[in-house]
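Colleague: Just to be clear, the model below is a prediction. Sequence and coordinates:
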Amino acid sequence: MKKPILLSAISAILLVGLTACGGGNTTASGGDQKPATSTPAATAAKPPIELLNVSYDPTRELYEEYNKAFAKYWEGKANQKVTVKQSHGGSGSQGRSVIDGIQADVVTLALAYDIDAIQEKGLINADWQKRLKDNSSPYTSTIVFLVKKGNPKGIKDWNDLIKTGVSVITPNPKTSGGARWNYLAAWGYALKHNNNDENAAKDFVAKLFKNVPVLDSGARGSTTTFVERGIGDVLLAWENEAFLSLKEFGPDKFEIVVPSLSILAEPPVTVVDKVADKKGSREVAQAYLEYLYSEEGQEIAAKNFYRPRLESVAKKHEKQFPKIELLSIDKDFGGWQKAQKTHFADGGTFDQIYKPSK
């Protein structure tokens, strides 16, 4: 990635503004791609079609590349040009924007709860997570630390984040899916090291957030705060965001610290049924998501520092991703519905512990 992270999506493709409440930045790509193979003369060209993918913050580069690959594949397969627009922001905010009326054909969000919230409003069928393999999560990620070169504060694990004088950058769990993964990873670490004492975990996470000077609304905003504005000693980051920062700014500026324990983040995808059926885009929208599981789709995910599901591709890139003990949202937190209600709903644990800096 040769251009700054914040500007890569804008400089690569056309910026389109969304007017619906809560919508993130939107871009379009893929419509001008040449077909992968010549189309048989007997197959009449179908009318061009446009999809909108409402996604979370750090997937901008992934879908810029993937959209072009899918457009090429689909034109070769179906003799139909497809253009895919992207909208990005904090996962919770993006989910609410779909509920509020943004006409997303597909959503590719940071966690299942944000899609469940859309489903509860009747826009997505109840069985959405069973429609694709691996709980409709075609790639995975986890949470790591990004620090300045040389790691001047000597940060090695979660317990270093609650020390006096350490400034921690993380987004707002109320709006960001990545922030919720960050929070739960810290909570799980505290439970493990305090004999599963919930009060001790609550105290640990309260101390961590006391060291947070600013809560951005999404993961990309927090990355900008840390790597470009120079605020903070450590960024709690999606693994792919940390790798992108190294690629963008160089290993002479930052380095990644892998904690002893983190969490398995499974960002899910689905068709927004009501919108796709109304627009007549279901066939293409479904194919768009299914192609994420193809060898090409998995290679693009790995290239953009997401952990691929396809075994052959995962094996090829295994040295790229550090081995780490990972918590599970289902096994360790009882699933996203329970975790959301306990920690992130109004009046939940986060509201009880977080006191904004004055």
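Modeller: Ah, there it is. Residues are numbered from 1 along each chain as shown.

Colleague: Only C-alpha atoms from now on, for both contacts and neighbour counts.
Modeller: OK.

Colleague: quick one: contacts of stretch 320-327?
Modeller: Ala185, Gly188, Val258, Pro259, Ser260, Leu261, Ser262, Ile263, Leu264, Arg307 (C-alpha atoms under 8 Å, 6 or more residues apart in numbering).

Colleague: Do you have the strands of the stretch 51-200 of the chain handy? List them.
Modeller: Counting by DSSP state E, counting those that start in this stretch, the segments of the stretch 51-200 of the chain that form strands are 82-89, 106-108, 139-140, 143-148, 168-169.

Colleague: Please name whichever of the ones you listed is nearest to Gly178.
Modeller: Nearest to Gly178 among these is strand 143-148; the distance by C-alpha to C-alpha comes to 8.2 Å.

Colleague: Which neighbouring elements make contact with that closest one?
Modeller: Under the contact definition 3 or more C-alpha pairs under 8 Å, 6 or more residues apart in numbering; DSSP states H and E, strand 143-148 sits against helix 177-192, strand 234-238, helix 239-249, strand 254-257, strand 261-263.

Colleague: Pairing partners for that strand, with directions?
Modeller: Paired neighbours of strand 143-148 in the sheet (DSSP bridges): strand 234-238 (antiparallel), strand 254-257 (antiparallel).

Colleague: rewinding a little: JSON lines for the strands of the stretch 51-200 of the chain, including mean neighbour count and distance to Ala206?
Modeller: Shown next, in JSON lines, are those (neighbours: other C-alpha atoms under 10 Å; distance: least, C-alpha to C-alpha, whole Å):
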{"stretch": "strand 82-89", "mean neighbour count": "26", "distance to Ala206": "26"}
{"stretch": "strand 106-108", "mean neighbour count": "26", "distance to Ala206": "30"}
{"stretch": "strand 139-140", "mean neighbour count": "22", "distance to Ala206": "28"}
{"stretch": "strand 143-148", "mean neighbour count": "25", "distance to Ala206": "18"}
{"stretch": "strand 168-169", "mean neighbour count": "26", "distance to Ala206": "12"}
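
Colleague: May I see these organised as JSON lines, with mean pLDDT and distance to Lys274 added?
Modeller: Below are these laid out as JSON lines (pLDDT from 0 to 100; distance: least, C-alpha to C-alpha, whole Å):
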{"stretch": "strand 82-89", "mean pLDDT": "97", "distance to Lys274": "18"}
{"stretch": "strand 106-108", "mean pLDDT": "98", "distance to Lys274": "11"}
{"stretch": "strand 139-140", "mean pLDDT": "98", "distance to Lys274": "25"}
{"stretch": "strand 143-148", "mean pLDDT": "98", "distance to Lys274": "33"}
{"stretch": "strand 168-169", "mean pLDDT": "98", "distance to Lys274": "38"}
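
Colleague: Which among those is found nearest to Asn195?
Modeller: Distance to Asn195, taken as C-alpha to C-alpha, is lowest for strand 143-148 among the strands of the stretch 51-200 of the chain, at 22.6 Å.

Colleague: and that closest one with helix 239-249, angle?
Modeller: Interaxial angle, strand 143-148 versus helix 239-249 (axes from the mean of the first three to the mean of the last three C-alpha atoms, to 10 degrees): 20 degrees.

Colleague: returning to what we had before: possible to save the strands paired with strand 143-148 as a markdown table with mean pLDDT and distance to Leu109?
Modeller: Formatted as a markdown table, those follow (pLDDT from 0 to 100; distance: least, C-alpha to C-alpha, whole Å):
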| stretch | mean pLDDT | distance to Leu109 |
| --- | --- | --- |
| strand 234-238 | 97 | 13 |
| strand 254-257 | 97 | 24 |
